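Peer 1: Predicted model, plus sequence, below.
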Amino acid sequence: MSYLLSKDAINGKMGKAILKLNGENHELFHVKKVNADAEFQKSDFKVVGTNKVQKRVTGVSYTGTVTVYYGTPYFQQIAKEYNDNGNMLEFEMMVENDDPTADVGKQRVALYGCTLDRIPICLLDVDADALEEEVGFSYRDFKYLEEFTDPATLG
């Protein structure tokens, strides 16, 4: 019986996120969490001869969230540009998982055509030792620039 060794579980703290805005790369040192999802839309597919209702994929929607410590200026710049000029700036994001202790290597994913869905305009919280903001976004496409490999050893 083979199983994943604990050393090959990816440490979520090991990596980085880079935001590309107006042609400039900015490492998001303030980032706490990045999550990008692909949600597949499906429709019912019924055929004569069976009562089973199958599902057919008809599209996909790409959305995500970035949680950062409050004070990260880049997302506010995008919101301000839209507010002032009606211009929704697109950005790109590259997310890297790089745990040097794991045999699976690192993974780098690029998200293209990102636009804001939701952003806090201002925050105050009497109970917060450190303010955080969650920024919602959607994106048009993605590409794996580097992928994990199978672990070199299994238990």
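Peer 2: Nice, I can see it.

Peer 1: Please report the distance of the residue lying closest to Asp44 once chain neighbours are set aside from Phe40.
Peer 2: Here the nearest residue to Asp44 in space, its sequence neighbours aside, is Val53; by C-beta to C-beta, 6 or more residues apart in numbering that works out to 5.1 Å. Backbone N, C-alpha and C define where each C-beta goes, glycine included. In this view, Val53 and Phe40 are 16 Å apart by C-beta to C-beta, to the nearest Å.

Peer 1: so what's the residue nearest in space to the middle of the chain bridging to?
Peer 2: Of all residues in the chain, the one closest to the mean position by C-alpha atoms, centre = their mean is Ala36, 2.9 Å from it. According to DSSP bridges, the residues that bridge with Ala36 are Gly64.

Peer 1: And Glu92, by the same measure?
Peer 2: On the basis of DSSP bridges, Glu92 takes part in beta bridges with Lys20.

Peer 1: Tell me the pLDDT of Thr153.
Peer 2: In this prediction, Thr153 carries a pLDDT score of 71.

Peer 1: same check, this time on Gln54
Peer 2: Model confidence at Gln54, expressed as pLDDT, equals 97.

Peer 1: what's the closest non-adjacent residue to it?
Peer 2: Of all residues apart from its sequence neighbours, Phe45 sits closest to Gln54 (C-beta to C-beta, 6+ apart), at 4.3 Å.

Peer 1: tell me, how many neighbours does that neighbour end up with?
Peer 2: 12 (other C-beta atoms under 10 Å).

Peer 1: before we move on, what about Val95?
Peer 2: Summarising burial for Val95: neighbours were counted as other C-beta under 10 Å, giving 22.
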